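Visitor: Prediction below, plus the sequence it came from.
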Amino acid sequence: MSEPGGGRSLVRYYCTAGSGMEAFLVREVKEKLAAEHVSQIPGKVLFSSSAGITRVRELKAAERLFLLLRRDSPVLLPAQTSPAKVASVLQSRLLGDRSEWDDAVMTWSRLQRELASRNTVNTPSTAMGFRKRLETSRTDEIRRKPSRDEPDPPAVPVSFRISCKSTGALTRRLSSQELSRVIGVGLSRMMSWKIDLKNPQLEVSVYLSDDHSLLGIPLTRLPLANRRYMKTTGLRSTVAWAMGSLAQIQPGSCVVDPMCGGGTILIEAAQEHKDAHFLGVDIDDGQLQRANENAAFADLKTRINLLKASSLDLPLPSGAVDAVVSDLPFGRKFSSKSHMAANLPIILTEMERILRVGGVLVLLLSPQLSCLLKKLQTNPGPGPTSTQETEPRAGLHHLPSPLLTSTEQETVQIQSTSTQGAEPPTGLPDCSSPPLTSTEPQTFQNHPWIQSTAAQGPEPLTGLRLRLPAPLSSLKHQATYRVSLGAIDGLIHKYVKIEM
């Protein structure tokens, strides 16, 4: 609902967020919307803002967006209460008075009209007509000036449904369906609205727990997390955005994802940072093709470059990039093929090497890989020596963009920073990393800066003798966030490189 304020009135909202994403969303609404009265509860962030709805709709850390009707203390039902008494208590505690609902629906309708004026696909088609009917009804009520003995005129008829979720003690008394029915009957009686479970004009969301009660109206049909610019989904978009937000990307920054997969992290970061350069690396042709299609769909092919290479031996100069952001494959889908635990020390060493001093490393790991990372930091162990060159190659070099092929090779110039200390290069192509057991030789034609491994035979990676230098000693831990990925959790780790 709206609150008085200077200029445009404040509107009270709440957003749902995945587990662990609340802190990211709190920071985002403060920075992007200058939000006030910001608070959070598990899975939700509440705030007030005078920003236009089209700006609010662009929140990246949120799952769904609601107009906040009311937040109150939990509903407590006395023991041995009759069903009629239960219904009366719920309706009186949750519904409030009619004027609150009139104001809320007027605000909802105004916001829908603003969305419709931007030709959004999420706008219910009934919003503008419903607003007109409601305004007409209010005008008629004022003109009629009913006497003291005359009853209040009925509100504008509208169809609605209640979607209720409940947890805690209340669920032992009534199911969510029963709660929806009780609340719906009370609202229908108070507002003279019609209940329509299949195709309502208005949906009211109710959440009841032992800690609070929350009522709101959804403002978009599709979740905010459904990105209009993403063709093929991979990592959860909200988590990908959160990782990019930790990377401290600035105008001119060079950002690399050494295991880019479908490119979700790079695309989310590129949407936010228009003047940065992005490079995605992957050894898998299918993943690179998917990343290429996603970048084209998002109209980012000129800013996201792709390179076929191994994360075990990245063809980039030491200290060349400002940020490394990556989701290391884990879980049932990857565990049997990539041997990620065995490769992790080598992969991290390469990530650390290409980062400049002051650069940021952001990783998404499973809890198991996170434990291994902690052990690597506290007990680094020596390894066999590598026969591959790891020193930076000086001079001006050319890399293909967006995808290395024999027929289409656009070039992006990269000035090596091996003699410039912390100065980052001016542009980078996208690059990715392969699994250890990959048997496809890597070929990089006409690019002397990138060492070809084609001469090493059909299984170049399995024959590598890799060395672990005093690993990770230059990476200072900044923060760790546990976030939900759906069926499993992941941990986002942030490090800053403090020395070479």
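Guide: Noted; the coordinates are in hand.
Visitor: Against which helices or strands is the one helix or strand Phe160 maps to packed?
Guide: Assessed by DSSP states H and E, Phe160 sits inside strand 159-166. Using 3 or more CB pairs under 8 Å, 6 or more residues apart in numbering; DSSP states H and E, the elements in contact with strand 159-166 are helix 176-191, strand 194-195, strand 202-208. From N, CA and C alone the C-beta is placed, and that goes for glycine too.
Visitor: winner for burial among these?
Guide: strand 202-208 (a mean of 21; mean count of other CB atoms under 10 Å).
Visitor: what residues does that one touch?
Guide: 44, 66, 69, 74-75, 94, 105, 108, 130, 158-168, 170, 179-180, 183, 187, 193, 213-218 (CB atoms under 8 Å, 6 or more residues apart in numbering).
Visitor: Could you check the angle that strand makes with helix 176-191?
Guide: Here strand 202-208 runs at an angle of 130 degrees relative to helix 176-191 (axes from the mean of the first three to the mean of the last three CA atoms, to 10 degrees).
Visitor: On the C-terminal side of strand 202-208, identify the next helix or strand.
Guide: The C-terminal neighbour of strand 202-208 among helices and strands, as given by DSSP H and E, is strand 213-218.
Visitor: can you tell me the average pLDDT over the helix or strand that that following strand is followed by?
Guide: Where DSSP H and E defines the elements, the next helix or strand beyond strand 213-218 is helix 237-246. For helix 237-246, mean pLDDT rounds to 97.
Visitor: for stretch 20-37, same thing?
Guide: 97.
Visitor: Alpha carbons only: can I get that stretch in CSV?
Guide: Presented in CSV, the C-alpha positions along stretch 20-37 are these (Å, rounded to 0.1, in the frame of the first residue of the first chain):
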residue,chain,number,x,y,z
GLY,A,20,20.5,-17.3,1.9
MET,A,21,19.7,-14.6,-0.7
GLU,A,22,18.0,-12.2,1.8
ALA,A,23,21.2,-10.2,2.5
PHE,A,24,21.8,-9.7,-1.2
LEU,A,25,18.3,-8.5,-1.7
VAL,A,26,18.4,-6.1,1.3
ARG,A,27,21.5,-4.5,-0.2
GLU,A,28,20.1,-4.3,-3.6
VAL,A,29,16.8,-2.5,-2.7
LYS,A,30,18.8,0.0,-0.6
GLU,A,31,21.3,0.7,-3.4
LYS,A,32,19.0,0.7,-6.4
LEU,A,33,15.7,1.9,-5.0
ALA,A,34,16.8,4.0,-2.0
ALA,A,35,14.4,1.9,-0.1
GLU,A,36,13.1,2.8,3.4
HIS,A,37,11.8,0.7,6.3
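Visitor: what's that stretch in contact with?
Guide: Here stretch 20-37 has contacts from 10, 12, 15, 17, 38, 40, 42-51, 55-56, 58-62, 238-239, 241-242, 245, 481-484, 489, using CB under 8 Å, 6+ apart.
Visitor: Mind doing that once more with 7 Å?
Guide: Stretch 20-37 is contacted from outside by 10, 15, 17, 38, 40, 45, 47-49, 51, 55-56, 59-62, 238, 242, 245, 481-484, using CB atoms under 7 Å, 6 or more residues apart in numbering.
Visitor: cool, stretch 230-248 as well?
Guide: For stretch 230-248, using CB under 7 Å, 6+ apart, the contacting residues are 18, 21, 24, 60-61, 63, 225, 227, 255, 261-262, 264-265, 267-269, 272, 290, 293-294, 297-298, 323, 325, 327, 360, 362, 364, 483, 485, 492, 494.
Visitor: now those: which count as buried?
Guide: Among the contacts of stretch 230-248, those buried by neighbour count (16 or more other CB atoms under 10 Å) are 18, 21, 24, 60-61, 63, 225, 227, 255, 261-262, 264-265, 267-269, 290, 294, 298, 323, 325, 327, 360, 362, 364, 483, 485, 492, 494.
Visitor: what helix or strand does Gly280 sit in?
Guide: strand 277-282.
Visitor: what's the angle between that strand and helix 237-246?
Guide: Using the same axes, to 10 degrees, strand 277-282 lies at 120 degrees relative to helix 237-246.
Visitor: Strand 277-282 packs against which elements?
Guide: Here strand 277-282 touches strand 254-257, helix 264-272, helix 285-297, strand 304-308, strand 432-433, going by 3 or more CB pairs under 7 Å, 6 or more residues apart in numbering; DSSP states H and E.
Visitor: Show the low-confidence segments of the chain, by residue range.
Guide: 1-7, 119-157, 331-338, 379-472, 500 (pLDDT under 70).
Visitor: What separation is there between the residue nearest the centre of the chain and Val256?
Guide: The centroid of the chain falls nearest to Thr238 when counting by CA atoms, centre = their mean (0.9 Å). From Thr238 across to Val256, the span is 22 Å (CB to CB, to the nearest Å).
Visitor: before we move on, what about Phe24?
Guide: 22 Å.
Visitor: same check, this time on Ser163
Guide: Taking CB to CB, one finds Ser163 at 43 Å from Val256.
Visitor: Equivalent analysis for Val29, please.
Guide: 29 Å.
Visitor: Comparing these two, which shows the higher neighbour count?
Guide: With neighbours defined as other CB atoms under 10 Å, Val29 and Val256 compare such that Val256 has more, 30 against 24.
Visitor: bridging residues for that one?
Guide: Leu279, Val324 (DSSP bridges).
Visitor: right, and the helix or strand after the helix or strand hosting Ile346?
Guide: Ile346 belongs to helix 340-354 when assigned by DSSP H and E. Scanning forward in sequence from helix 340-354 by DSSP H and E, the next helix or strand is strand 355-365.
Visitor: so what does that following strand touch, helix or strand wise?
Guide: For strand 355-365, the packing partners by 3+ CB pairs under 7 Å, 6+ apart are helix 237-246, strand 321-327, strand 489-497.
Visitor: Please identify which of the ones you listed is closest to Asp284.
Guide: Asp284 sits nearest to strand 321-327 of all the helices and strands packed on strand 355-365, at 14.1 Å, using CB to CB.
Visitor: Give me the contacts around that closest one.
Guide: Applying CB under 7 Å, 6+ apart, the external contacts of strand 321-327 come out as 235, 243-244, 247-249, 253-259, 261, 265, 269, 351, 354-356, 359-364, 424, 428.
Visitor: try 8 Å this time
Guide: Taking CB under 8 Å, 6+ apart as the rule, strand 321-327 contacts 235, 240, 243-244, 246-250, 253-261, 264-266, 269, 279, 351, 354-356, 359-364, 424-425, 428, 490.
Visitor: What of stretch 182-198?
Guide: In contact with stretch 182-198 (CB under 8 Å, 6+ apart) are residues 86-87, 90-91, 94-95, 98, 101, 154-155, 157-162, 164, 174, 202, 204, 206.
Visitor: ok, of those residues, which come out buried?
Guide: By neighbour count, with 16+ other CB under 10 Å, the contacts of stretch 182-198 hold 86-87, 90-91, 94-95, 101, 155, 158-162, 164, 174, 202, 204, 206 as buried.
Visitor: sorry, back to before: now go through the contacts of stretch 20-37 and say which are in strands.
Guide: Leu10, Cys15, Val38, Gln40, Val45, Phe47, Ser48, Ser49, Tyr481, Arg482, Val483, Ser484 (DSSP state E).
Visitor: Can I get these in CSV including distance to Asp285?
Guide: Formatted as CSV, the ones in strands among the contacts of stretch 20-37 follow (distance: CB to CB, whole Å):
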residue, distance to Asp285
Leu10, 52
Cys15, 38
Val38, 45
Gln40, 43
Val45, 41
Phe47, 44
Ser48, 49
Ser49, 45
Tyr481, 32
Arg482, 33
Val483, 30
Ser484, 31
